[in-house]
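J.: Structural data only, the sequence is not supplied:
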Ligand code: DX5
Ligand code: ZN
């Protein structure tokens, strides 16, 4: 199981130190939440801050767009060369075009589903992406409660991936903790995003290890 701490719950006054600390504590990726105040009712950080994060991170970035006008945002962030860029299919009319745009920058494309969006919408997308991110909260804020229905979606997606793309990675984001991590693993998840669970603890290493079930 890979762990991607979400810096949304980090101390923004000491962001560089927090990023370095979770990298040293064993994070596999640094999850970066980009919100535009339109797709979700919150705003986070722009490319200048993400540039600063990339400079100090010793692990690859996993950028999660919760934005409208996705191609514009890809152009704003592509120079940072994250490992993944993920975008919400609820927002995009031309999903395949956007996937190709991300891949043409040698960045691994991923799509995101809100809790209410069914897995069957991925039938004609799963073969074209490297990862699917299933939201286990409604996006916009850290510290929300895990929605357990996502467990069935993980199983359904694992089955779909077996038919369409056996290498597909499944990532889960929202309310992840040491209680639901084993259930998510059993269902077939590969990467867990965790914001408040990791950053609320004193010992980041212990927090990350407790999720690596
Ligand atoms: C929520 C973000 C998450 C958030 C998770 O919209 O996409 O990445 O930081 O935070 P926790 O782990 O606290 O639910
Ligand atoms: Zn996220």
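T.: Perfect, thanks for sending it. From a predicted model like this one, the values you see are computed outputs, not experimental measurements. Numbering: from 1, shown residues only. Ligands and ions are numbered 1, 2, ... in the order given.

J.: which residues of this protein fall in strands?
T.: Counting by DSSP state E, the chain has these strands, from start to end: 2-5, 30-35, 61-66, 84-88, 108-113, 131-135, 169-173, 191-194.

J.: could those strands go into TSV alongside mean pLDDT and distance to residue 74?
T.: Using the backbone N, CA and C atoms, a C-beta is placed for each residue, glycine as well. As requested, those are arranged in TSV below (pLDDT from 0 to 100; distance: least, C-beta to C-beta, whole Å):
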stretch	mean pLDDT	distance to residue 74
strand 2-5	98	20
strand 30-35	98	11
strand 61-66	99	8
strand 84-88	99	6
strand 108-113	99	10
strand 131-135	99	16
strand 169-173	99	19
strand 191-194	99	20
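
J.: Rebuild these as CSV, extending it with distance to residue 121.
T.: Formatted as CSV, the strands of the chain follow (distance: least, C-beta to C-beta, whole Å):
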stretch, distance to residue 121
strand 2-5, 23
strand 30-35, 22
strand 61-66, 17
strand 84-88, 11
strand 108-113, 7
strand 131-135, 10
strand 169-173, 15
strand 191-194, 20
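
J.: Quick one: closest of those to residue 204.
T.: strand 2-5 (7.5 Å; C-beta to C-beta).

J.: which one of the strands of the chain lies closest to residue 184?
T.: Here strand 169-173 is closest among these (C-beta to C-beta), at 5.4 Å.

J.: Perfect, I'm done here.
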